[in-house]
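[1] give me the fold of what follows.
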Amino acid sequence: MTISNTLETGNPLLDFDGLPKFNKISSADIRPAIDQLLEEANVVVNLLTESKNEATWDNFVVPLENVTEKINRSWGTISHLYSVLDTPDLRTAYNENESRIIEFWTLTSQNPLLFDKYKAIESRTDFRKLSAPQRQVINNTLQKFRLSGAELPSDKKTRFSEIQKRCASLSTKFSENILDATNSYCLFVEDEAEIDGLPYDCRIAAKAAATQDCKLGYKFSLHSPSYYPILKYANNRALREKIYRANVTKASELGDNLKWDNSDNIIEILCLRNEEAELLGFKSYAELSLAKKMCGTPEEAIKFLENISYCARPFAERDLLELKKFALEELNLPVLEAWDFSYAAEKLREQRYDFSEQEIKQYFPEKNVIGGLFRLAEKLFGIKINADRTSVWHPDVKFFQIKKNSKLIAHFYLDLYARSGKRGGAWMDDARSRRCIDGKIQTPVAYLNCNFSSPELGKEVFLSHNEVITIFHEFGHGLHHMLTQIDEISVSGISGVEWDAVELPSQFMENFCWEWNVLQDISSEVESGKKLPYTLFEKLIAAKNFQSGLENLRQLEFSLLDMCLHGECNLINFQDIQNIIDRVRNKISIFEPPWFNRFQHSFSHIFAGGYAAGYYSYKWAEVLSSDVYSVFEEAALCGDSISSAKLGKKFYDEILSIGGSRPALESFIAFRGREPKIGAFLRHNGMATDNE
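    As a prediction, the model looks like this:
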């Protein structure tokens, strides 16, 4: 069965010959594109299920993947634009069509005839003759059918489908409420004395924002590059409290506009997820979620989190004690409030290590950082990265190609700056996945997105060291997607990788942000062009794990809260949610935030992302990545540069290129030679003891 690569001429969302035509896409294209894609897909599904031929990889799996990939690519383009360039028209079109996409996938994954065809392929005598990636695709797909309700009776299938569509709609609304609440908030300050302590570049950006609104003074927002410097540097405590309160109450019943309150969305999402799990025979959604992850059960995940918490707690208690003591004695703050934490920590860091983040920041111009990141990847993995040209969705977006052995293997977009209509945070997403079609390789394409401060006209953007870590992290995700050598689309790149292992390459890349040679390569002082001095590097390393005990406990609290929320079965109202939050905090946290803190109302990872009952994955994967990176550390200590180059190749061969074509634990063992150990993680976080 052959399906043409272009369906309807004139609609850019139906052109699959190359990269997305962002300069031609409009909201009006979405409905007709989805209409045609779903119609074609349903025709193909019917033909395949009605066929009397014995199902094989070539006559069944390939044509089904051909037609469904087009839906994924077209809807992926739409979803990407919705994330980075939200407009009223685009939002309307997205919301109108999202439920149709969810319905198609739900009905397809519940189709008993398709399910039977996959089972028939698995039971064929020649099943073992398929390649290992192909067998992995079949195994994954059979599990997906079972976890999508394919074995449910018809009435329960209908309810399962309703849950899927409703959950998708609620998650979208959850995200929209956060974006709308963020975009609507503005804080104008006319008196410059009120923003004393704020770095010069932050003041300039705030002044430009006010001028753009025809206002005097300075304008601040809840976008991270605007509000976070206030919490960290502003000497005005009342100003810090004001912006803190606005940020932690956004999209809640305490926010500026109740129409953006996520309270009811949270309750309904959790209840529907629990109902979904019960339909499939699981005790909780947490149990359902972990059925397809490295960590097999909620109990195992909770034990993992509690073990790390036990290690982190004494360090966190020490961190809090010294921070409170410093705040009292040096800052005249007898009570350390939540809006004082970042401020007091930065002041203590400056005093203890004799440098500020602003002093470091002047050495990291964006162009140098990006160029050095590319050179590092080229050296480690034997690739070459060059600028390229194509249609983009915003003038700030850059586009690059990756070659290996002079052969094109991937492309990626780089969208670094915050703007109205772009969701917060940093993330990688796939625009196109690698696969082999009729003997030709379709190269993968990635989106890499951050929310750094926009450049002033004619001036360079400088990144904080934390922002350097962020772009290295996201590029690690991108490498995982782009450097795959697997030809089956369902397990190439990040596809098919267990969710709690998908952070391994990204967190692995973060480690290089603490290496002297790497920092030398990416640094260039703003005026002199000089590299980061070694004395400042030593201070940076000395401060690496400053307050890491508190930071680890914070992440562990979020992870355990996520697991507990999705492990409960009797959530009726928001007080039930608060009771769980309080219970987790009593167990994990050593600092109680103010009563009005509603961080859960903007916890997008679990309510509008893929981390539901999976937020623990960050710590789980950090253990994996630390253990992997320790091998590179050992080679460096021996001064063995040749060995380091070999290790880069081995990481490429056993982790990056393999994608999801085999279980993540097998890939880890293939690189490390054994199962994971926690020692390197504790050492990297400054929490190792004599017993580790």
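
[2] quick check: domain ranges of this protein?
    Listed by automatic domain parsing, the domain ranges of the chain are 12-151, 185-260, 366-542.

[3] got the CA coordinates for stretch 298-316 in CSV?
    Provided in CSV are the C-alpha atoms of stretch 298-316 (Å, rounded to 0.1, in the frame of the first residue of the first chain):
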residue,chain,number,x,y,z
PRO,A,298,4.8,3.5,43.0
GLU,A,299,6.3,1.8,46.1
GLU,A,300,9.7,1.6,44.4
ALA,A,301,9.5,5.2,43.4
ILE,A,302,8.5,6.4,46.8
LYS,A,303,11.3,4.3,48.4
PHE,A,304,13.8,5.8,46.0
LEU,A,305,12.7,9.4,46.8
GLU,A,306,12.7,8.7,50.6
ASN,A,307,16.2,7.3,50.4
ILE,A,308,17.5,10.4,48.7
SER,A,309,15.5,12.5,51.2
TYR,A,310,17.2,10.7,54.0
CYS,A,311,20.6,11.6,52.5
ALA,A,312,19.7,15.2,51.7
ARG,A,313,18.0,16.2,54.9
PRO,A,314,21.0,16.8,57.2
PHE,A,315,22.6,19.0,54.5
ALA,A,316,19.3,20.9,54.0
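
[4] so, low pLDDT: which residues of the stretch 151-300 of the chain?
    Within the stretch 151-300 of the chain, the set of residues satisfying pLDDT under 70 is empty.

[5] sorry, back to before: can you redo the domains of the chain as JSON lines with distance to E299?
    Glycine gets a C-beta too; all of them are placed from N, C-alpha and C. Listed next are these as JSON lines, based on distance: least, Cβ to Cβ, whole Å:
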{"stretch": "domain 12-151", "distance to E299": "19"}
{"stretch": "domain 185-260", "distance to E299": "31"}
{"stretch": "domain 366-542", "distance to E299": "15"}
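
[6] how about CSV for those, with distance to S626 and mean neighbour count added?
    As requested, the domains of the chain are exported to CSV (distance: least, Cβ to Cβ, whole Å; neighbours: other Cβ atoms under 10 Å):
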stretch, distance to S626, mean neighbour count
domain 12-151, 27, 17
domain 185-260, 26, 18
domain 366-542, 8, 19
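
[7] quick one: closest of the ones you listed to I606.
    Of all those, domain 366-542 sits nearest to I606, with 12.0 Å by Cβ to Cβ.

[8] next, the distance between the ends of the closest one.
    24 Å (Cα to Cα, to the nearest Å).

[9] what is the mean pLDDT for it?
    Mean pLDDT, computed over domain 366-542, is 95.

[10] name the nearest residue to the residue nearest to the spatial centre of the chain, ignoring sequence neighbours.
    Geometric centre of the chain, nearest residue: W427, 4.4 Å, by Cα atoms, centre = their mean. In space, W427 comes closest to N449 once its chain neighbours are excluded; the distance is 5.4 Å by Cβ to Cβ, 6 or more residues apart in numbering.

[11] next: I25.
    In space, I25 is closest to P12, 4.9 Å off (Cβ to Cβ, 6+ apart).

[12] tell me the helix or strand right after the one helix or strand Q507 maps to.
    For Q507, the element it lies in under DSSP states H and E is helix 504-510. Once the chain leaves helix 504-510, the next helix or strand it forms, by DSSP H and E, is helix 516-522.

[13] and that next one, how far out from the chain middle?
    In terms of Cα atoms, centre = their mean, to the nearest Å, the centre of helix 516-522 is set 26 Å apart from its chain centre.

[14] packing partners for it?
    Using 3 or more Cβ pairs under 8 Å, 6 or more residues apart in numbering; DSSP states H and E, the elements in contact with helix 516-522 are helix 366-381, helix 534-542.

[15] quick one: contacts of it?
    364, 368-369, 371-373, 375-376, 468, 512-513, 531-532, 534, 537, 540 (Cβ atoms under 8 Å, 6 or more residues apart in numbering).

[16] circling back to that earlier point, the helix or strand harbouring the residue nearest to W427: partners in the sheet, and parallel or antiparallel?
    Per DSSP H and E, N449 falls inside strand 445-452. Neighbouring strands of strand 445-452 in its sheet, by DSSP bridges, are strand 407-417 (parallel), strand 427-432 (antiparallel).
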